[in-house]
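S.K.: Give the three-dimensional model of this entry:
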Amino acid sequence: MDSLLAIGLGLGLRSLIDSVTQHPLRAAAFVGLWEGVVLNHFLAKHPGSYDPYIGLGFRLFVDFLFTESIMRMTVTVLWAGLG
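M.R.: Numbering: from 1, shown residues only. From the prediction side, this is the model:
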């Protein structure tokens, strides 16, 4: 259930940041930072589970379907590593 909530919040945050900011790479950095924090939280909560990685992959896939930008996905993954 937590994973579904994280997926919904992650997709909602993407649309909110896209509507607020005009710079796609800055938006990708904010989204990546959020994804890193969420991933860290769920890995600390469930250390042996692959569910956080599956959720992250799903959100990145949906983001790629809507934006069709490899650069945005790369920036998001890099900032997720920092988060």
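S.K.: which residues of this structure score low on pLDDT?
M.R.: 1 (pLDDT under 70).
S.K.: if you set the cut-off to 50 instead, what comes out?
M.R.: For the chain, no stretch has pLDDT under 50.
S.K.: Centroid-nearest residue for it?
M.R.: residue 35 (3.8 Å; CA atoms, centre = their mean).
S.K.: count of neighbours near the nearest residue to residue 64 once chain neighbours are set aside?
M.R.: Spatial nearest neighbour of residue 64, chain neighbours left out: residue 73 (5.3 Å); criterion: CB to CB, 6 or more residues apart in numbering. For every residue, glycine as well, the C-beta is placed using N, CA and C. Residues lying near residue 73 (other CB atoms under 10 Å) number 18.
S.K.: Repeat that for residue 66.
M.R.: Using other CB under 10 Å, residue 66 has 12 neighbouring residues.
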